[in-house]
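Undergrad: following is a predicted model, sequence given first.
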Amino acid sequence: MAESNNCHECLYLTKYNIMGIYKCIVCGWVYNPEEGDESGGIPPGTAFEDLPSDWVCPVCGATSDEFQEID
Ligand SMILES: [Zn+2]
């Protein structure tokens, strides 16, 4: 069996490392990509950049424009 260079776990870890945590500047709610947004139907592991354009803050309804990346 040939070895695959596309190790799924490696790709997964790489993606995790580049996913930022974002904070709503209106209400202070934090979007953690490792957790996603259950109430908004966003599965864990979804990067902020990959959120649907109509996604809004589950607490105050602010659009993704109102979010700021935090360390
Ligand atoms: Zn908010």
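TA: Here it is on my side, so go on.

Undergrad: Val26 contacts Thr63, doesn't it?
TA: No: Val26 lies out of contact with Thr63 (CB atoms under 8 Å); the separation is 9.7 Å. All C-beta atoms are positioned from the backbone trio N, CA, C, and that covers glycine.

Undergrad: next, show the common contact partners of those two.
TA: Residues within reach of Val26 and of Thr63 at once, by CB atoms under 8 Å, 6 or more residues apart in numbering, are Cys57.

Undergrad: contacts only, for Val59.
TA: Neighbour list for Val59: Cys24, Cys27, Trp29 [criterion: CB under 8 Å, 6+ apart].

Undergrad: how about Cys57?
TA: Taking CB under 8 Å, 6+ apart, we find Cys57 in contact with Cys24, Val26, Cys27, Trp29, Thr63, Glu66, Phe67.

Undergrad: please redo it, this time with the cut-off set to 10 Å
TA: 22-29, 31, 37, 40, 63-64, 66-67 (CB atoms under 10 Å, 6 or more residues apart in numbering).

Undergrad: hmm, back to that, reformat the contacts of Val59 as JSON lines; add secondary structure, distance to the ion and pLDDT.
TA: Formatted as JSON lines, the contacts of Val59 follow (DSSP: H, G, I helix; E, B strand; the rest coil; distance: CB to the ion, whole Å; pLDDT from 0 to 100):
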{"residue": "Cys24", "secondary structure": "strand", "distance to the ion": "3", "pLDDT": "98"}
{"residue": "Cys27", "secondary structure": "coil", "distance to the ion": "3", "pLDDT": "98"}
{"residue": "Trp29", "secondary structure": "coil", "distance to the ion": "5", "pLDDT": "98"}
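
Undergrad: want to try a markdown table for the residues you listed, with neighbour count as columns?
TA: Shown next, in a markdown table, are these (neighbours: other CB atoms under 10 Å):
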| residue | neighbour count |
| --- | --- |
| Cys24 | 21 |
| Cys27 | 13 |
| Trp29 | 16 |
